[in-house]
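Novice: This is a predicted model, with the sequence first.
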There are 2 protein chains.
Amino acid sequence: MIVVVAYDITDDRRREDVAMLLSGYGPRVQLSVFECELRSVEELRQLKAEIRARIDTLEDQVRLYPTSEQSFAERAIIGARVVEERADYWIVR
Amino acid sequence: MIVVVAYDITDDRRREDVAMLLSGYGPRVQLSVFECELRSVEELRQLKAEIRARIDTLEDQVRLYPTSEQSFAERAIIGARVVEERADYWIVR
């Protein structure tokens, strides 16, 4: 199941926290949009809980749009801009 | 047909141009996300052309995600933040 996740998060640290979380599920396609691939409804439920734990529920807002494979294949991308990942997103092991 | 439109647009003026265009199709739900309601594939085609005409196709990027009514009804919203419309979006008649 593909879930498009978009967020408006005011605080830099919380925003990067959520971006880091989402990056485990799929590509960052815009500054505040990820295309997440989830294997089950349970995994989606868990992702929502993890988002809720990272944001300020009064100050921030995150939207999760589940899409069918067919709808997802029909998405349109206009323009060539790509997200530049910054050094502070890198994980060094 | 509901189409979730998300954009990364670098230039303030182009961004507001696109926001103004999209505001004719549905609510702004995040700073760079609109939930647009389109009546036909032809209207979607036209919207894409209007977006293309307003952006810099090298600098910017807009994504349109068509969603079924059922998928759309299953979207999740976490957090209470709402977009504050600024005076320069108002249309005075």
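Specialist: That came through fine. From a predicted model like this one, the values you see are computed outputs, not experimental measurements. Numbers count the residues shown, from 1 in each chain, chains lettered A, B, ... in the order given.
Novice: What strand or helix carries A:Arg63?
Specialist: Per DSSP states H and E, A:Arg63 falls inside strand A:61-67.
Novice: what angle do that strand and strand B:61-67 make?
Specialist: Angle of strand A:61-67 versus strand B:61-67, following axes from the mean of the first three to the mean of the last three C-alpha atoms, to 10 degrees, is 60 degrees.
Novice: Check which helices and strands strand A:61-67 is in contact with.
Specialist: Contacts defined by 3 or more C-beta pairs under 8 Å, 6 or more residues apart in numbering or on different chains; DSSP states H and E place strand A:61-67 against strand A:2-8, helix A:41-54, strand B:28-30, strand B:61-67, helix B:69-73, strand B:76-78. All C-beta atoms are positioned from the backbone trio N, CA, C, and that covers glycine.
Novice: Do me a favour and get the backbone dihedrals for the closest residue to A:Thr57 other than its chain neighbours.
Specialist: Nearest in space to A:Thr57, with sequence neighbours left out and distances taken as C-beta to C-beta, 6 or more residues apart in numbering or on different chains, is B:Gly79 at 4.8 Å. For B:Gly79, the backbone dihedrals (degrees, to the nearest 10) come out as phi 100, psi 150.
Novice: How much space separates B:Gly79 from A:Ala49?
Specialist: Note on B:Gly79: its distance to A:Ala49, by C-beta to C-beta, to the nearest Å, is 13 Å.
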